[in-house]
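K.L.:
Have a look at this prediction, sequence included:
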Amino acid sequence: MPRHALCIHAHFYQPSREDPYSGIIPQEQGAEPFKNWNEKINADCYAPNARLGNFEKISFNLGPTLTRWMEQNAQDTLALITESERRYMNRTATVNAMAQPYHHTILPLASLRDKQTQVCWGIADYTHTYGFAPEGMWLPETAVDEETLTVLAENGIRYTILAPWQAEGEVDVTQPYRVELAGGRSMSVFFYHSGLSTGISFNAETTANADSFIQNCLKNVYSANNEQDQLILLASDGELYGHHQPFRDLFLSYLLDGALTQASIEYTTPAKWLREHPPVKTVQIRNRTSWSCMEGVERWRGECACTPHGAWKKPLRDLMNQVAELVDACYLDCAANWLREPWRARDEYISVLLGDVSFAAWLDQEGKMSLDQSEISQLQHLMAAQFERQRMFTSCGWFFEDFDRIEPRNNVQYAAHAIALSERVSGKDLRSGLVPALEAVKSWRSGVTAREVFEGALQRFETDLQR
Ligand SMILES: [Zn+2]
């Protein structure tokens, strides 16, 4: 008898919401009685799913910026999740949590070096959180190109999940595929079932009752005359389960605690399935595609049907690329005297930020010579600038309809911070050259420009630096 299996993948993620100046998340409207959205979603979704034991039965990824917030603000929830992950690991010798690039960057739009840093930082965050290395990595917006998959493979990642339209040609979504990559490497890819994933995400009826979900939806998608084992993988935003749709944490629990087994359908996770079903078919992927934009990755760099009035998006992308160039030139100029390999040092610096390694120990490893106190302080500024310059590419800054929202504004503030820190170390004026690019980014709703946001942020940083 061929086996019928289900895997539910839930993507849990929130961007950094901290004000870069104070490091504190501002009071957010709409989240009442909670102080901000993270707290509300924790109460609606993360915590109840953790208490119900759902994390041990689904495939999931916790975005690093969310994990870091949980470490400070929702320790009980995070402890339940990591304990369940260890139990799963002990039981199956595979893992069900996937890693995620650190800042939810659209990797096909990033340079090779930034891809490497985001992947490396995401893996470090995962290892810090769970205590062992990941097998899979969820890509932000499932945005993919071959270079991204190669970087994943070089960093020891074995699988990812994509939308079926990201494959070149037709695919059988019940089977995992192999993508052949440069240098003899390869990546296993699971394609999620698009009809059912859309159903659970956008049609509340679909998940109102677990038994009818199995009988009326799930059972119909396995092919009766297929002799192979079949896996149906559903991928969705994890906040669906309890936050976007109330009581869906209970749906998940009921589904996975007996209803599926009664219907002779097993639940599994990609790593476990892959061990029993190594891919036999190969596939080519369509470069620069994603799960949430039908025009590839246009949503994050220009105008497309997802969000009308997107004329501000390309100038914002150009601005960030220009800031990155300036900050990197300054980094190389200054840090090359002190660091043996500045880009490797940046990749390794995440261990300092995670508190796993002291700055002194990192410097022992990466430094060329011993530094005096003033040089150490300058190097800390440069590393902080590199962190902000990574963070300013957070995809949420381009996702929505207008520039005048917290997400794009935050990205511009992170950019301002990166520039302020770089100027302080180099003594150069970097901001003047940015004025035309800053003025080109303008909200169609309020008329606010990136220049206003950027200069406002610079003023606050400068007051702080003078203290
Ligand atoms: Zn689009």
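P.N.:
Ah, there it is.

K.L.:
what about Gly131, how many neighbours?
P.N.:
Neighbourhood size, Gly131 [other CB atoms under 10 Å]: 11. (Each C-beta comes from the backbone N, C-alpha and C, glycine too.)

K.L.:
what's the answer for Glu168, then?
P.N.:
By other CB under 10 Å, neighbour count at Glu168 equals 11.

K.L.:
ditto for Phe461
P.N.:
Residues near Phe461, counting by other CB under 10 Å: 18.

K.L.:
Which residue is the nearest non-sequential neighbour of it?
P.N.:
Spatial nearest neighbour of Phe461, excluding adjacent residues (CB to CB, 6 or more residues apart in numbering): Ala420 at 4.4 Å.

K.L.:
For the one you found, which three-state class applies?
P.N.:
helix (DSSP: H, G, I helix; E, B strand; the rest coil).

K.L.:
same for the helix or strand hosting Ile200, what does it pack against?
P.N.:
In this structure, Ile200 sits in helix 194-202 according to DSSP states H and E. For helix 194-202, the packing partners by 3 or more CB pairs under 8 Å, 6 or more residues apart in numbering; DSSP states H and E come out as strand 230-237.

K.L.:
any idea of the angle the strand it packs on forms with helix 194-202?
P.N.:
Interaxial angle, strand 230-237 versus helix 194-202 (axes from the mean of the first three to the mean of the last three CA atoms, to 10 degrees): 30 degrees.

K.L.:
what comes into contact with whichever helix or strand comes after strand 230-237?
P.N.:
Next in sequence after strand 230-237, counting helices and strands by DSSP H and E, comes helix 248-254. Outside helix 248-254, the residues that touch it by CB atoms under 8 Å, 6 or more residues apart in numbering are 8, 45, 48-49, 52-54, 57-58, 207-210, 213, 240-242.

K.L.:
mean confidence for the helix holding Ile200?
P.N.:
For helix 194-202, mean pLDDT rounds to 88.

K.L.:
give me the number of residues near Phe247?
P.N.:
12.

K.L.:
And it, how far from the ion?
P.N.:
31 Å (CB to the ion, to the nearest Å).

K.L.:
swap in Cys306?
P.N.:
3 Å.

K.L.:
just Gly184 next, same as before
P.N.:
Gly184 is 35 Å from the ion, by CB to the ion.

K.L.:
what about that residue, neighbour count?
P.N.:
7.

K.L.:
How about the contacts made by it?
P.N.:
By CB under 8 Å, 6+ apart, Gly184 has no neighbours at all.

K.L.:
Nearest residue to the middle of this structure?
P.N.:
By CA atoms, centre = their mean, the chain has its centre lying nearest to His104, at 3.4 Å.

K.L.:
can you count the residues close to the closest residue to that one other than its chain neighbours?
P.N.:
Ranked by CB to CB, 6+ apart and with sequence neighbours excluded, the top spatial neighbour of His104 is Pro140, at 4.3 Å. For Pro140, the neighbour count with other CB under 10 Å is 25.

K.L.:
Identify the residues contacting Pro140.
P.N.:
100-101, 104-107, 395.

K.L.:
looking at those residues, which has the most residues close by?
P.N.:
Pro101 (31 neighbours).

K.L.:
Could you report the distance from that residue to the ion?
P.N.:
Taking CB to the ion, one finds Pro101 at 20 Å from the ion.

K.L.:
Tell me the pLDDT of that residue.
P.N.:
98.

K.L.:
That one against Ile123, yeah?
P.N.:
No - counting by CB atoms under 8 Å, Pro101 stays clear of Ile123, with 9.1 Å between them.

K.L.:
and Asp211, what does it touch?
P.N.:
Contacts of Asp211 by CB under 8 Å, 6+ apart are Ala259.

K.L.:
so it is in which element?
P.N.:
helix 210-212.

K.L.:
so after that helix, what's the next helix or strand?
P.N.:
That would be, after helix 210-212 and using DSSP H and E, helix 219-221.

K.L.:
What average pLDDT does that following helix get?
P.N.:
Here the average pLDDT along helix 219-221 is 92.

K.L.:
got the buried residues for it?
P.N.:
The neighbour-count check on helix 219-221 (16 or more other CB atoms under 10 Å) flags Val221 as buried.

K.L.:
same for that helix, what does it pack against?
P.N.:
So helix 219-221, by 3+ CB pairs under 8 Å, 6+ apart, packs with no helix or strand.

K.L.:
what does it rub up against?
P.N.:
By CB under 8 Å, 6+ apart, the list of residues contacting helix 219-221 reads 193, 195-196, 232, 263, 265.

K.L.:
rerun that using 7 Å as the cut-off
P.N.:
Helix 219-221 has contacts (CB atoms under 7 Å, 6 or more residues apart in numbering) with 193, 196, 232, 263.

K.L.:
Most neighbours among those, which one?
P.N.:
That'd be Leu196 among the contacts of helix 219-221, by other CB under 10 Å, with 22 neighbours.

K.L.:
What residues does the protein have near the ion?
P.N.:
293, 295, 299, 304, 306 (CB under 5 Å from the ion).

K.L.:
Show me what counts as buried in the lengthiest helix in the chain.
P.N.:
In the chain, assigned by DSSP state H, the helix with the most residues is helix 313-335. Residues 313-317, 319-320, 322-324, 326-328, 330-331, 334-335 are the ones in helix 313-335 that count as buried (16+ other CB under 10 Å).

K.L.:
Looking at the stretch 51-200 of the chain, which residue is nearest the ion?
P.N.:
Nearest residue of the stretch 51-200 of the chain to the ion (CB to the ion) works out as Glu141 at 10.4 Å.

K.L.:
My assumption is that that residue lies in a strand; please confirm.
P.N.:
No - Glu141: not assigned to a strand; according to three-state DSSP it is helix.

K.L.:
Contact partners for the closest residue to it other than its chain neighbours?
P.N.:
Of all residues not flanking Glu141 in the chain, Ser290 sits nearest, at 4.4 Å (CB to CB, 6+ apart). Taking CB under 7 Å, 6+ apart, we find Ser290 in contact with 141-143, 296-297.

K.L.:
rerun that using 6 Å as the cut-off
P.N.:
141-143, 297 (CB atoms under 6 Å, 6 or more residues apart in numbering).

K.L.:
Could you give the backbone dihedrals for it?
P.N.:
Main-chain dihedrals, Ser290, degrees, to the nearest 10: phi -150, psi 180.

K.L.:
What of Lys442?
P.N.:
phi -140, psi 140.

K.L.:
hang on, the earlier thing: what's the closest of the contacts of Pro140 to Asp364?
P.N.:
Pro101 (27.8 Å; CB to CB).

K.L.:
Do I have it right that the closest one meets Cys120?
P.N.:
No - Pro101 is beyond contact range of Cys120, at 9.2 Å (criterion: CB atoms under 6 Å).

K.L.:
where exactly do the strands run in the stretch 1-150 of the chain?
P.N.:
4-12, 59-62, 97-98 (DSSP state E, counting those that start in this stretch).

K.L.:
Contacts for the shortest one next, please.
P.N.:
By that I understand strand 97-98. Contacts for strand 97-98 (CB under 6 Å, 6+ apart): 60-61, 85, 136-138.

K.L.:
Direction included, what does it pair against?
P.N.:
strand 59-62 (parallel) (DSSP bridges).

K.L.:
And for the closest residue to the ion within the stretch 151-300 of the chain, the neighbour number?
P.N.:
Taking CB to the ion, the ion has its nearest neighbour within the stretch 151-300 of the chain at Cys293, 3.2 Å off. Per other CB under 10 Å, the neighbour tally for Cys293 reads 19.

K.L.:
Kind regards, and thank you for your time.
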